[in-house]
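Enquirer: Quick one, fold the following:
(2 chains)
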Amino acid sequence: SQQGEEDPQALSIQEGENATMNCSYKTSINNLQWYRQNSGRGLVHLILIRSNEREKHSGRLRVTLDTSKKSSSLLITASRAADTASYFCATRSAGNMLTFGGGTRLMVKP
Amino acid sequence: DTGVTQSPTHLIKTRGQQVTLRCSPISGHKSVSWYQQVLGQGPQFIFQYYEKEERGRGNFPDRFSARQFPNYSSELNVNALLLGDSALYLCASSYGGETQYFGPGTRLLVL
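Expert: As a prediction, the model looks like this:
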């Protein structure tokens, strides 16, 4: 079963615009991670935010975490065509197992 | 550094057959995890191994089994294949920390 739910399921924007994806989860977590997947291939780790952190930045990525609402958001600023991919949030609770959401499919039009 | 490698990249099997998928972790990584990703969904956890011992198992039937070798490579075995086993099988390795590094996956089609 999936712990997280991403919203929206699909997003289409123009190059240069910002893209925001949201993730909700159900149980307590140690950390939340965001991954990118191109064309059904392997996942690439983007950013990790721990349960005691509220915001984190990495390049054009900004992640927020609200543990009281059990939700997170991923913002990609100044999007590029190369950002076209599926984005997944994954939560880590006890152990090292990751529980993924269903993903947001982002299309960035040139 | 070489990333996580998986073999084969693609595989076609028929119902009832058995399949073995292989994974080599990043050098120095002692933990390997396996995930199943059905088309259009997020990955689902199958197994985690650390230092050759099973550390976690997801909600999958006993037809699924795995093992880890002394060199930390791993195999995932699926017996009595069903049509619903068609998926991308992903292997991930980690040093023991929080970030998992994924391989390119093995795409399995069961006919």
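Enquirer: drop to CA atoms for contacts and neighbour counts, all remaining ones
Expert: OK.
Enquirer: Can you find the helix or strand of the chain with the lowest average pLDDT?
Expert: Going with chain A. The helix or strand of chain A with the poorest confidence is strand A:5-7; it has a mean of 85 (mean pLDDT, DSSP states H and E).
Enquirer: not quite, I wanted chain B
Expert: strand B:53-57 (a mean of 91).
Enquirer: can you list contacts of that strand?
Expert: Applying CA atoms under 8 Å, 6 or more residues apart in numbering or on different chains, the contact partners of strand B:53-57 are A:95, A:97, B:45-49, B:67-68.
Enquirer: Find me whatever residue is spatially closest to the closest residue to chain B within chain A, sequence neighbours aside.
Expert: Going by CA to the nearest CA, chain B is nearest to A:Gly42 of chain A, at 4.0 Å. What sits nearest to A:Gly42 in space, not counting adjacent residues and going by CA to CA, 6 or more residues apart in numbering or on different chains, is B:Pro104, at 4.0 Å.
Enquirer: Which element, helix or strand, includes that neighbour?
Expert: For B:Pro104, there is no enclosing helix or strand under DSSP states H and E.
Enquirer: tell me the mean pLDDT over stretch B:86-106?
Expert: Here stretch B:86-106 scores 91 as its mean pLDDT.
Enquirer: how long is it end to end?
Expert: Start-to-end span of stretch B:86-106 (CA to CA, to the nearest Å) is 10 Å.
Enquirer: Outside of that stretch itself, list whatever touches it.
Expert: Outside of stretch B:86-106, the residues within contact range by CA under 8 Å, 6+ apart are A:40-45, A:48, A:96, B:3-11, B:21, B:23, B:25-26, B:28-39, B:43, B:107-110.
Enquirer: try 6 Å this time
Expert: Stretch B:86-106 has contacts (CA atoms under 6 Å, 6 or more residues apart in numbering or on different chains) with A:41-43, B:4-5, B:8-10, B:25, B:29-38, B:107-110.
Enquirer: So what pairs up with the nearest residue to B:Pro43 once chain neighbours are set aside in the strands?
Expert: Leaving aside its chain neighbours, B:Pro43 sits nearest to B:Gln37 (4.2 Å; criterion: CA to CA, 6+ apart). Beta-bridge partners recorded for B:Gln37 (DSSP bridges): B:Leu88.
Enquirer: burial count for B:Gln37?
Expert: B:Gln37 is flanked by 19 other residues according to other CA atoms under 10 Å in any protein chain shown.
Enquirer: what sits against it?
Expert: B:43, B:87-88.
Enquirer: Same check on B:Val110?
Expert: When contacts are taken as CA under 6 Å, 6+ apart, B:Val110 is in contact with B:12-14, B:83, B:86.
Enquirer: Tell me the residue of chain B that sits nearest chain A?
Expert: B:Pro104 (4.0 Å).
Enquirer: Can you show me the helices along chain A?
Expert: Using DSSP state H, no helices are assigned anywhere in chain A.
Enquirer: What parts of it come near chain B?
Expert: A:41-43, A:100-102 (CA under 6 Å from any CA of the partner chain).
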